[in-house]
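Visitor: okay, here's the prediction I keep looking at, along with the sequence it came from:
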Amino acid sequence: MYDLCAIGDALVDFIPAPQYTPDKPVYQCEVGGTVANALTAGSKLGLSTLFVGKIGDDCMGQLIRNKMISHGVSMEGCVVDPIHFTTQTFVSLGENGERSFSFARRFGADIWLEESDLPMERILQSSMVGFSGMCMTDEPIRSATWKLLRAVRAKEIPIVLDVNYRYNLWKNEEEAISAMRETLSYAALYKSSEEEAYLLAGVEDLQEAAEKIADYGCRIVIITLGGQGSYYYVNGESGHIPSYKVEAIDTTGAGDSFFAGLLYQIKQRGGIENISAGDYPEILKFANAAGALAATKRGGVNGAPFLNEIEEFIKQYSQTHSVNNFKVQYKEEMK
């Protein structure tokens, strides 16, 4: 049995190298992708993880496979595509390590995952199953994901969703909103950025957006707030957990490490069904630390911290900062 199985993208990120200049754009290649990052980050924390997705039969695909296996991710659900190349992303870094993406994906292998590729027996042996909005942009991976979601829900296995909206991968915003809203009733746990929550909810008030998302059927709503930390809405209770202040180098994968930290803490506490709203401040304190540490290194997979690094970071941070009283209502904190 796996602690976490996830379907979706494993790709290569080309990120600006330290010697990068506008006149001499030098890039370094790193393993990335929402699902690859999250599974590897989870494996680094001690979760048993299974990847379900497609890579190309090329050197980039082999790099992904070797890197994920080296960190303990099971690649038994990984299909090698002899026709399509491994999906690639070019990352631009702005101030404070914030990033934007340009995708080489139209003929990228990840979107060509088919229903017949799914290792359903192994998937249904998982404690949690994850997917992202990247699974809904194109066929045939969209149909494969729907097959997985229906089968997993029928077995009453908790489903977790990372929205990960990339506007340049959709035909238009309306299509993206419609497709992702349709998945919300399947997700026991929802995670997105503040901007993504506003997009799906159709409102620009955090509490109201969380309530609307919960109304679609998501029991647990987690919203990341960048440098402001994170927010939870569970069974009518909500709270804002402040961030850790770090010097960000590259935020690629920081949200994925946050997500892995969140799911690790949930697993450690007995699973989604056994956790109350009152547990989420401590859970998000850990997840915030995982995301913050990831932003201090380059690359999504390489930047994901190990368990001992997070624990030591929280310990040292608490000695010089006030992090004990961290359960604060968002609206009060942000006035």
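Guide: Here it is on my side, so go on. All values reported here derive from a predicted model rather than from experimental measurement.

Visitor: low pLDDT regions in the protein?
Guide: Scanning the chain for pLDDT under 70 picks out 93-99, 322-335.

Visitor: okay, which residue is most central for it?
Guide: Asp256 (3.6 Å; C-alpha atoms, centre = their mean).

Visitor: is it in a helix, a strand, or coil?
Guide: Judged by DSSP: H, G, I helix; E, B strand; the rest coil, the three-state class of Asp256 is helix.

Visitor: tell me the buried residues in stretch 201-219?
Guide: Neighbour counts over stretch 201-219 (16 or more other C-beta atoms under 10 Å) mark Ala201, Leu206, Ala209, Ala210, Glu211, Lys212, Ile213, Ala214, Tyr216, Cys218 as buried. For the C-beta atoms, the positions are set from N, CA and C on the backbone; glycine is no exception.

Visitor: in helices only, show me those residues.
Guide: In helices, judged by DSSP state H, the following of these are found: Ala201, Leu206, Ala209, Ala210, Glu211, Lys212, Ile213, Ala214.

Visitor: thinking again about what came up before, wait, isn't the residue nearest to the centre of the chain in contact with Gly42?
Guide: No: applying C-beta atoms under 8 Å as the test, Asp256 and Gly42 come out as separate, 9.3 Å apart.

Visitor: before we move on, back to that, nearest spatial neighbour of the residue nearest to the centre of the chain, skipping sequence neighbours?
Guide: For Asp256, ignoring the flanking residues on the chain, the nearest one in space by C-beta to C-beta, 6 or more residues apart in numbering is Asn37 at 3.5 Å.

Visitor: ok, now Ser257?
Guide: Here the residue nearest Ser257, using C-beta to C-beta, 6+ apart, is Ala294, at 3.7 Å.

Visitor: hmm, that neighbour is touching Lys44, no?
Guide: No: Ala294 is not in contact with Lys44 according to C-beta under 8 Å; the separation is 10.3 Å.

Visitor: these two: which has the busier surroundings?
Guide: Ala294 (32 against 23; other C-beta atoms under 10 Å).

Visitor: how much space separates Thr251 from Ser100?
Guide: Note on Thr251: its distance to Ser100, by C-beta to C-beta, to the nearest Å, is 11 Å.

Visitor: which one's more surrounded, the two?
Guide: Applying other C-beta under 10 Å to Thr251 and Ser100 shows that Thr251 carries more neighbours, namely 22 against 11.

Visitor: tell me the buried residues in stretch 164-172?
Guide: Asn164, Tyr165, Arg166, Leu169, Trp170.

Visitor: which ones are touching the fourth one?
Guide: What it means is Leu169. By C-beta atoms under 8 Å, 6 or more residues apart in numbering, the residues touching Leu169 are Phe103, Arg105, Met134, Thr137, Asp138.

Visitor: thinking again about what came up before, count the residues that sit near the residue nearest to Asp256.
Guide: 32.

Visitor: helices of the stretch 1-150 of the chain, residue ranges please.
Guide: 34-45, 59-70, 120-123, 141-154 (DSSP state H, counting those that start in this stretch).

Visitor: go on, the stretch 201-335 of the chain?
Guide: 206-215, 254-268, 280-294, 300-303, 307-320, 330-334.

Visitor: now do stretch 100-114: distance to the chain's middle.
Guide: Put simply, stretch 100-114 sits 17 Å off its chain's centre (C-alpha atoms, centre = their mean, to the nearest Å).

Visitor: how long is it end to end?
Guide: Taking C-alpha to C-alpha, to the nearest Å, stretch 100-114 runs 29 Å from one end to the other.

Visitor: buried residues, that stretch. List them.
Guide: Going by 16+ other C-beta under 10 Å, stretch 100-114 has these buried residues: Phe101, Phe103, Arg105, Gly108, Ala109, Asp110, Ile111, Trp112, Leu113.

Visitor: what's the closest of those to Leu284?
Guide: Phe101 (25.7 Å; C-beta to C-beta).

Visitor: list the contacts of the closest one.
Guide: Thr89, Phe90, Val91, Ser92, Arg166, Asn168.

Visitor: of those residues, which belong to strands?
Guide: In this view, the contacts of Phe101 that belong to strands under DSSP state E are Thr89, Phe90, Val91, Ser92.

Visitor: check the residues you listed and tell me the two furthest apart.
Guide: Thr89 and Ser92 (10.3 Å).

Visitor: report the set of residues contacting both of those two.
Guide: Contacts common to Thr89 and Ser92, judged by C-beta under 8 Å, 6+ apart, are Phe101, Ser102.

Visitor: circling back to that earlier point, what is in contact with Ala294 and Lys44 at once?
Guide: Ala304, Pro305.

Visitor: would you list the contacts of Phe101 in JSON lines and tack on distance to Cys59?
Guide: Below are these laid out as JSON lines (distance: C-beta to C-beta, whole Å):
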{"residue": "Thr89", "distance to Cys59": "16"}
{"residue": "Phe90", "distance to Cys59": "17"}
{"residue": "Val91", "distance to Cys59": "19"}
{"residue": "Ser92", "distance to Cys59": "24"}
{"residue": "Arg166", "distance to Cys59": "25"}
{"residue": "Asn168", "distance to Cys59": "26"}
